[in-house]
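Peer 1: here are the coordinates; sequence isn't available:
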């Protein structure tokens, strides 16, 4: 993260809607509701001709605004098209014409300099950020504007495509977004945009910019300055994760095309809020009323703005190479989020995991623990065996998924993949991205999910892919040793817990089942000294496996 050079920095600001520009509807009149569609340049409203921005050539017959194309068929309520929705008085509704509002605020626009440069109406210029540098920004406004609760992967991909279309014309990008789903948006954009060499910053507000006491002005100005004055690129490190014979069946390996993925490419799609710049796929919304609405529970902010800008430079690594920007538009939509709760019925879990669901983020207790009822674990195992990807994330605000507890091992033994310290928003985006990549086997997708692709998670120290026990000489030797009788009991008691942990951590259900067959039966009453305290791993396949060092 370095200071940008040059006397002029040009930004594209995409205004999607959200609280920052909302106005109070005082007359209780109906308004059109938001429908589905895409963001494309569309004609201006009659009677309000505008000079198109010099740096953004409009499409033929259109101006430089974003809008959805007209529907092919007449709209109907069941298709999510435009309907009249009666609103009570005082309700906030999306406000159009944000550029016109910003033009009236001296902190957002230097009118004298704009006139001298002949800037178009939708292009504004900040007062001097430094003696020798100006930030000039163009506002593209979606038509109609979105409430962020209506945003989906489709709209976020369209935002990425808008960035792609104008990528060579601007030095950076600011996306104005509603706060309710901004963490989801930032996470999705971090995976959709690959080889990003320019700064992308999302921001919004808890209180509209029109209010006397608001956070919108501070957030938007901070986002513009961070995107305009700093270069926050990704840091790609190329690794070949093409499907191989170790990852796929012989048939899959021969038929699947060779796909190379950029690994550990920490795309710096950022989110700026309340004087803090966060990595976008590390944030979550934590407050619906306070101005400090977002936090990054498992990663410090990239920068904190006060009298000085304090940058955590160790978190922002330099870009390597200048590959062309790639927008991954084939994100998988059939992914879901399942939050476990005490006593959750297995039937409910079974219903949730049914096709067409292809991937699920499962929020578990504490450090990745869940109920160990055999029926529920059986549903998870059955889903994993038919190819459903299940990613385990803790519902705690801070911390990571581990295999420290038997209940957590039971989850891993059911074929569930650890999400470590990912937020649920990042995990959902990652699942959608991985499932959308063509030419990968099931094991290849699991491999990607376990890797840090975009800086979305912190792997444990020394974490690396471990060879399967069943495929190694050591593993076979250990298995033979454990198969011995009587004199090997003590050795078996010492080794089984560690082997079970390794198998559960790797999600290797086959290895766990093999270990079950080697476990000695429980001792009958009165048959000698009381056995040491046992692990509660029955549902993971371990009965009476002693806990090392227990009395």
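Peer 2: Thanks, I have the structure now. Since we're looking at a predicted model, the values are computed, not measured. Residues are numbered from 1 along each chain as shown.
Peer 1: which parts of stretch 380-392 are buried?
Peer 2: 380, 381, 383, 384, 388, 389, 390, 391, 392 (16 or more other Cβ atoms under 10 Å). Just so you know, the C-beta spots here come from the backbone N, C-alpha and C atoms, and that holds for glycine as well.
Peer 1: how long is that stretch from one end to the other?
Peer 2: 12 Å (Cα to Cα, to the nearest Å).
Peer 1: Residues contacting it, please?
Peer 2: 349, 353, 357-362, 364, 368, 401, 411-412, 414-419, 422, 427, 430-431, 434-435, 442, 445-446, 449, 509 (Cβ atoms under 8 Å, 6 or more residues apart in numbering).
Peer 1: what is the rounded mean pLDDT of it?
Peer 2: For stretch 380-392, the mean pLDDT works out to 95.
Peer 1: same thing with stretch 15-29?
Peer 2: Computed over stretch 15-29, the mean pLDDT rounds to 77.
Peer 1: please begin residue numbering at 615 from this point
Peer 2: Yep, numbering from 615; the last one is stretch 629-643 now.
Peer 1: what about residue 738, which SS state?
Peer 2: For residue 738, the reduced secondary structure class is strand; criterion used: DSSP: H, G, I helix; E, B strand; the rest coil.
Peer 1: Could you check the pLDDT of it?
Peer 2: Each residue has a pLDDT score; the one for residue 738 is 96.
Peer 1: and the nearest residue to it once chain neighbours are set aside, how many neighbours does it have?
Peer 2: In this structure, residue 738 finds its nearest non-sequential neighbour in residue 723, 4.4 Å apart by Cβ to Cβ, 6 or more residues apart in numbering. By the criterion of other Cβ atoms under 10 Å, residue 723 has 20 neighbours.
Peer 1: Kindly list the longest strand within the protein.
Peer 2: Taking DSSP state E as the criterion, the chain has its longest strand at strand 748-760.
Peer 1: Note down every partner strand of that one and its orientation.
Peer 2: For strand 748-760, the paired strands and their directions (DSSP bridges) are strand 622-631 (parallel), strand 680-681 (parallel), strand 737-739 (antiparallel).
Peer 1: out of those strands, which comes closest to residue 897?
Peer 2: When the strands paired with strand 748-760 are ranked by distance to residue 897, counting by Cβ to Cβ, first place goes to strand 622-631 at 17.3 Å.
Peer 1: buried stuff in that closest one?
Peer 2: Counting neighbours by 16+ other Cβ under 10 Å, the buried set in strand 622-631 is 623, 624, 625, 626, 627, 628, 629, 630, 631.
Peer 1: Ok, stretch 977-996 next?
Peer 2: 977-986, 990-991, 993-995.
Peer 1: Span of that stretch from start to end?
Peer 2: Using Cα to Cα, the span of stretch 977-996 from its first residue to its last is 19 Å.
Peer 1: Now residue 914: closest residue in space, sequence neighbours ignored.
Peer 2: Closest residue to residue 914 apart from its sequence neighbours, by Cβ to Cβ, 6+ apart: residue 926 at 5.6 Å.
Peer 1: The one you found: neighbour count?
Peer 2: Applying the criterion other Cβ under 10 Å, we find 14 residues in the vicinity of residue 926.
Peer 1: Report the separation between it and residue 913.
Peer 2: Per Cβ to Cβ, to the nearest Å, residue 926 is found 9 Å from residue 913.
Peer 1: Check residue 1015 too.
Peer 2: As for residue 1015, its distance to residue 913 is 16 Å (criterion: Cβ to Cβ).
Peer 1: So between those two, which is more surrounded?
Peer 2: residue 1015 (26 against 19).
Peer 1: Am I right that the more buried one sits in a helix?
Peer 2: No - assignment of residue 1015 by three-state DSSP gives coil, placing it outside any helix.
Peer 1: For the closest residue to it other than its chain neighbours, give me its contacts.
Peer 2: Closest residue to residue 1015 in three dimensions, ignoring its sequence neighbours and counting by Cβ to Cβ, 6+ apart: residue 982, at 3.4 Å. For residue 982, the residues meeting the contact criterion (Cβ under 8 Å, 6+ apart) are 1006, 1007, 1008, 1014, 1015, 1016, 1017, 1022, 1025, 1026, 1032.
Peer 1: Quick check on the last one: phi, psi?
Peer 2: Geometry field for residue 1032 lists phi and psi as phi -70, psi 130, criterion degrees, to the nearest 10.
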